[in-house]
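Chemist: Give me coordinates for this.
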Amino acid sequence: VVRLVEGDRFPLGELDGERTPRARQIAELFTGAGFKSRVVADIRAQIWIKALGNVAMNPISTLTRAALDEITGFEPTRGLAAQMMGEASAVADELGLRVRMSVEKRLAGIDEVGAHKTSMLQDLEAGRPLEIEPIIGSVVEIGRLTGTAMPATEAVYALLSLLERHRATGH
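Modeler: Sure thing, here's the model as predicted:
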């Protein structure tokens, strides 16, 4: 059972950009289930739009124990999130991806979600391991590989890594 929390869009695509019959068939199934699903030519850019939010909101919410509306409603954390999203967007640019959504538009979308706790914060509260590497560590690594400066993201990554280290050792 899948419970949809936010939005009804579900873009699909092949990594090579081809609009294959299988991608079209899957999109039709999702459309039949009530989603707005279409086959896009650049699925990687769609993934980066999602990553822009995750790379900032998951770590900030975990470190502050705050829901999304609190983060975006408090200017210092909204500004930090915007900086981290801008850094991730710069990484996407270095990869040659055209992310067609500004940081402010992405933040406006997050504003609409409201008082939602991120998955990483939910994991913290439940005592589960944090998905640090897939959510933020991988973006930091790609930033390093592309020579993209990511000072805010790297600082938050360091803080989150230390938090997880303390949780693992009990200190």
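Chemist: Buried residues of whichever strand or helix holds His166, list them for me.
Modeler: Here His166 sits within helix 151-169, counting by DSSP states H and E. Residues 152-154, 156-157, 160-161, 163-164 are the ones in helix 151-169 that count as buried (16 or more other C-beta atoms under 10 Å). C-beta: built from backbone N, CA, C; applies to glycine.
Chemist: and of these, the nearest to Glu14?
Modeler: Nearest to Glu14 among those is Thr153, at 29.1 Å by C-beta to C-beta.
Chemist: Nearest residue to the middle of the protein?
Modeler: Asn54 (2.2 Å; C-alpha atoms, centre = their mean).
Chemist: right, and that one touches Ser138 too?
Modeler: No - Asn54 sits out of contact with Ser138 when judged by C-beta atoms under 8 Å, with a separation of 10.4 Å.
Chemist: which residues of this structure fall in helices?
Modeler: For the chain, the helices defined by DSSP state H occupy 21-32, 43-64, 68-73, 75-94, 103-113, 119-126, 132, 138-146, 151-169.
Chemist: Which elements pack onto the longest one?
Modeler: If I follow you right, that is helix 43-64. Using 3 or more C-beta pairs under 8 Å, 6 or more residues apart in numbering; DSSP states H and E, the elements in contact with helix 43-64 are helix 68-73, helix 75-94, helix 103-113, helix 119-126, helix 151-169.
Chemist: nearest to Phe10, of those?
Modeler: Smallest distance to Phe10 across these (C-beta to C-beta): 15.1 Å, for helix 103-113.
Chemist: relative to helix 75-94, how tilted is the closest one?
Modeler: Inter-element angle recorded for helix 103-113 and helix 75-94: 130 degrees (by axes from the mean of the first three to the mean of the last three C-alpha atoms, to 10 degrees).
Chemist: Just list what helix 103-113 packs against, helices and strands only.
Modeler: Packed against helix 103-113 by the contact rule (3+ C-beta pairs under 8 Å, 6+ apart) you find helix 43-64, helix 68-73, helix 75-94.
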